[in-house]
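Student: Kindly return the folded structure for what I paste below:
(2 chains)
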Amino acid sequence: MNSSMEKRRAADTSEFQENLKILRQMDFFSALSIQALKVFAYLFNREMFKSGDYLFHQDDNDGIAFYILSGTAEVVRKDESGEFSLGKYGEGEFLGGLVLLGDMRRLFSLKAVTDMSCLVMTREKFIKAIEQFPELIPKVLETMVDRIRSWEERLLIDQDALCDSCRKKVGVSLV
Amino acid sequence: MRKTETAVVKRSLPSWIRSSNFKLQALLLLVILITVFARVLPLEMQKRIVNEAIRFGEIQLLFLYCGLYLAAVVIATGLKYLISALQNLIGERALADMRKALYHHILTLPLNFFRKTQPGLVISSLITELASAGNFVGMSIGVPVASILTLLAFAGYLIWLNPLLAGISLSIYPMVLILLPRLQQQANKANKRRVDTTRTLSGKIGEAISGVHEIHGNGSYRIENRRYDRMVDKLYKIRIVWNLYKFSVKSVNNFFNNLSPFLIFIVGGYLSIKGRLDLGALVAFISAQEKIYDPWKELIAFYQVYQDASVRYTRTMEYFDELPEHTLEPDDREPYELEGSIEVKDLSFQVEGGIQLLDGINLSLTPGEQLALVGFSGSGKSTLAQCVGQLYKYTGGHVLLGGEEVTDLSKKDMIHNIGFVSQTPFTFEGTIKDNILYSCAAKLGSDEISESDAMPSLDDMIEALQQTGIFVDVLRFGLNTILVYDEHQDLAAKIVRVRDHFKREFGEELADYVEFFAEDNYLYHSTIAANLIFGSPNIESFTLQNLAVNDYFLRFLDKADLTRPLLTLGAELCRQTVDILGDLPPEKVFFEQSPITADELGEYKILAVRLAKTKLHRLSPDDRTALLRLALRFVPGRHKMVGMPSILEELILEGRALFKENISKDNPGALTFYQASEYIYSQTILDNIFFGKTKIINPQAEEKIDQSIIQVLIEEDLLETIVEIGMEFQVGSKGDRLSGGQRQKLAIARVFLKAPRVLIMDEATSALDNKSQARIQSLLDTRWKGQSTLIAVVHRLDIIKKYDKIAVMKAGRIGEVGPYDDLIAKKGMLYELIYGKKASS
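Tutor: From the prediction side, this is the model:
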């Protein structure tokens, strides 16, 4: 339970320090200086979601990035033909580096399939904070570019899994 | 509205003297005449004291003359004060009138005018530049009349005393009169340049401040500094020249005035030695001659004020000398009640430089029809909406609203028939209620937003809040209100009842989201202070801010073995927070979760440095207080930089019991303990309903909490009451305590309440989340369809299917118009906009 967890943490270390430890292992933040990391670790909040809760909804411009501490979430897209699942994310995954950088309407919803605990960061906070460390902006962009490139590279390597018409549409890294 | 007959910008500076209060001016003149007499009298007395009383040893005469002298001085002083008071009154009145008239005029100027005019410039014109004009009007009658009369009286007296000496001493003034105006002309030229430069400068400041996010975003401090510095340097040079000329006027004047005693000494001394002038007369002459300098100096100063004021006044009025594009109110009739049809014929709109923003637009809407304007940005869709709404004056063609040409309609006709929601709606300082009633109040023509039968009822307002989807936000504002004991006892009693109800129905369900107050549990979402005293203070010395200096409380901390652990915690909080936030600017996002406020950061930064060098027990009492204060406001659930030691938790729980025991004995009235049967006046309504604090804030938690609270409030018939309290929420200057979405919703609610026949929405839902946007769209599709004619400028293309007509704009022209399905079937411009260029080819 919530309070018992807080109690356990209370004894030894602060939430801030735990966040800091996690951030240092995330490649999105790995390029930042220690002073910037501290600010981000401070600004990340912990939130609980219950199974069935939505972390965000399709078409919303919520501007929130999530780091999953525990639990599993499912990506769901809805269109005229109905709702279908597009895959799952679990512990240790960071969703939404891109969403922090600029306005973006969600292309799908993210739904908790178990009880979840996440670190969350809003775009507003991120932008305000990164403004304080302007020298880090190129590094963040570089990380982002690299992530997009390697994402597509993985996609191309698993080409077998792609349908023919999908294969013709690859090229996110050419955007 | 009589004032608009002669536009304020056309009025001359002297016209303000004529329009000032005649009685006051007459009184002023009278007082001046007496004063002049009272100023000359002492001179004569002076002469008589020397020549008659002293010379012939007449004690009685001495007393008499001295008495008269004293009386004259006292009266003159009193009258002088009265004159200043009257001048001040006249001048300030004129200034207030000028400021009002000019402001009223400026607000009616066309939008185009404000494209090139920065707010800073308007502010400096109204506040600074007009001040000297008011000053001048106050002085305009009193000073010249008084000075000239005094001057003449003194001159006459001098001539009476000795015509020769008088002739000599007065001979300098013609020379001054020739020289001064030339110098003043130069000063005026510099002054004009100064007014212009000051205006550009204040415009520049206004621009930089309103665009400061862009400067921060680009880190363009240097560029902006350079621009600003350059202008300041220019102003600096102009001001120096201006002041030098002003001083030279004074110096020349001084020089000549000092020259005249010299002449008197030479001539008068000579005559006196030769025995042709008695000594008393010479003394009287010299002092009279000295006094003549005063009115002269005043006259010159007045001349300078006049010159300065007229330069500033003319420059200012010239700048705003433009006419409103439309009359404000119809002269001889009630405003039209127009039918909601809109006919646009061959409409064009051209701006300076011959740029054609709209060209050959034709459109026709029957009452109740709905039109969506779409197209690329820059295609003119907003401009078209603004031309129909009379915000811009079109330069060719016609817009007929209910058969009337829009250009010929007065503003009042427009607001009676049209509701306009702009892209960036403006929220004014005041309450939510003020803001949603804004349009209705303006339509009714009342100056103040007041209760009246014609105004929307509470039910209407609540409906508008619900329609625009801001109801829950307003309810939240209400729930976050802290009630005042003296005003709300009845409501407080009801809320205690709601508390029971809530606990019964939702207590278990919401246990994960709310931390309930319980005497045996540590509260992670309350301050340490609240955990200790576990009650709400009834006297000032037990409030959170004062506890750290409350002797009784400090003694209690010692007794409960808490002082040292709390100081240690405070020190840790100080160190950690300063380490994280030390170099950050005072913005809300950074300090929301910090125990140190942005204002205090500087102080605690210094303390952190001392902490690194000094042991806790060596700190000064002030430092210890600062650390204790920090520790007492520590909320482990919010301030995450430091963990809560579990041993401290235990100590505090024990301390809570001890404190209750002690204070119940020593000062039972100091606090009201948290108990389920008592309202807690130091907490918000929401926390009172919970009898606890919210633990997690995320959209899901909030939604669940809102739903349950609304259900309970409906059942207890309190929902409206709380929303009404929420509507008293102060939105802050420019609505800065609201989010962009909330501001936009308020602007829509404002217009919905007015229920106009024609509704123009210029990307009115662009800042809204998906749900709210869909809700408002479906409201337009159902409730307003057929009721109000609608022109909506739309950016998102997925919400336009249900419009009667869609007009696709490109480069100032309408490319195609028609119902959605027709246009899609045609595979023309709309199809291309939605599915992209490739798909259509």
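Student: going forward, measure contacts and count neighbours with C-alpha atoms only.
Tutor: OK.
Student: So which residues of the chain form strands?
Tutor: Answering for chain A, as no chain was given. Counting by DSSP state E, chain A has these strands, from start to end: A:45-49, A:54-56, A:64-70, A:73-79, A:82-89, A:94-95, A:109-112, A:116-122.
Student: Actually, chain B is the one I wanted.
Tutor: Using DSSP E, strands in chain B cover B:342-351, B:355-365, B:370-375, B:396-401, B:404-405, B:418-421, B:514-516, B:535-537, B:671-673, B:692-694, B:758-762, B:789-793, B:805-810, B:813-818.
Student: Residue B:33 and chain A, how far apart?
Tutor: For residue B:33, the distance to chain A (CA to the nearest CA, to the nearest Å) stands at 68 Å.
Student: tell me the pLDDT at that residue?
Tutor: pLDDT recorded at residue B:33 is 83.
Student: That one: neighbour count?
Tutor: 14 (other CA atoms under 10 Å in any protein chain shown).
Student: same thing with the one 3 residues further on?
Tutor: Each residue near residue B:36 was counted by other CA under 10 Å, and the total is 22.
Student: surely it meets residue B:152?
Tutor: No: the pair residue B:36 / residue B:152 is not scored as a contact, 9.8 Å apart, by CA atoms under 8 Å.
Student: Residue B:378 is in contact with residue B:795, isn't it?
Tutor: No: taking contacts as CA under 8 Å, residue B:378 lies outside contact range of residue B:795: 11.8 Å.
Student: between those two, who's got more neighbours?
Tutor: residue B:795 (20 against 13).
Student: Please identify the residues of chain B in proximity to chain A?
Tutor: Neighbours of chain A within chain B, by CA under 8 Å from any CA of the partner chain: B:216-217, B:512, B:580-581, B:584, B:589-590, B:640-646, B:696-698, B:700, B:769-770.
Student: Of all residues in chain A, which one is closest to chain B?
Tutor: Nearest residue of chain A to chain B, counting by CA to the nearest CA: residue A:14, 4.0 Å away.
Student: Pull the number of nearby residues for the residue lying closest to that residue once chain neighbours are set aside.
Tutor: Using CA to CA, 6 or more residues apart in numbering or on different chains and skipping residues adjacent in sequence, the residue nearest residue A:14 is residue B:643, 4.0 Å away. Around residue B:643 there are 23 other residues, counting by other CA under 10 Å.
Student: What backbone torsions are found at residue B:643?
Tutor: Backbone torsions of residue B:643, given as degrees, to the nearest 10, read phi -80, psi 160.
Student: re the thing from before, how about the strands of chain A in CSV, adding mean neighbour count, distance to chain B and mean pLDDT?
Tutor: Below are the strands of chain A laid out as CSV (neighbours: other CA atoms under 10 Å in any protein chain shown; distance: least, CA to the nearest CA, whole Å; pLDDT from 0 to 100):
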stretch, mean neighbour count, distance to chain B, mean pLDDT
strand A:45-49, 21, 7, 88
strand A:54-56, 21, 7, 90
strand A:64-70, 21, 11, 93
strand A:73-79, 18, 13, 91
strand A:82-89, 12, 18, 88
strand A:94-95, 16, 17, 89
strand A:109-112, 22, 12, 92
strand A:116-122, 20, 10, 92
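Student: Now render those as JSON lines, adding distance to residue B:62.
Tutor: As requested, those are exported to JSON lines (distance: least, CA to CA, whole Å):
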{"stretch": "strand A:45-49", "distance to residue B:62": "92"}
{"stretch": "strand A:54-56", "distance to residue B:62": "100"}
{"stretch": "strand A:64-70", "distance to residue B:62": "94"}
{"stretch": "strand A:73-79", "distance to residue B:62": "108"}
{"stretch": "strand A:82-89", "distance to residue B:62": "110"}
{"stretch": "strand A:94-95", "distance to residue B:62": "102"}
{"stretch": "strand A:109-112", "distance to residue B:62": "105"}
{"stretch": "strand A:116-122", "distance to residue B:62": "90"}
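Student: between those strands, which gets nearest to residue B:489?
Tutor: For residue B:489, the closest of the strands of chain A is strand A:45-49, at 36.8 Å, according to CA to CA.
Student: what inclination does that closest one have with respect to strand A:116-122?
Tutor: With axes from the mean of the first three to the mean of the last three CA atoms, to 10 degrees as the basis, strand A:45-49 and strand A:116-122 are set at 140 degrees to each other.
Student: Relative to strand A:45-49, what are the paired strands and their orientations?
Tutor: strand A:116-122 (antiparallel) (DSSP bridges).
Student: CA atoms of the partner strand as CSV?
Tutor: Output in CSV follows, covering the C-alpha atoms of strand A:116-122 (Å, rounded to 0.1, in the frame of the first residue of the first chain):
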residue,chain,number,x,y,z
MET,A,116,1.0,1.0,-11.8
SER,A,117,3.4,3.4,-10.3
CYS,A,118,5.0,6.0,-12.6
LEU,A,119,7.3,9.0,-12.5
VAL,A,120,5.6,11.7,-14.5
MET,A,121,6.9,15.0,-15.9
THR,A,122,4.8,17.6,-17.7
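Student: Distance from that strand to the middle of the chain?
Tutor: Distance of strand A:116-122 from its chain centroid, counting by CA atoms, centre = their mean, to the nearest Å, is 8 Å.
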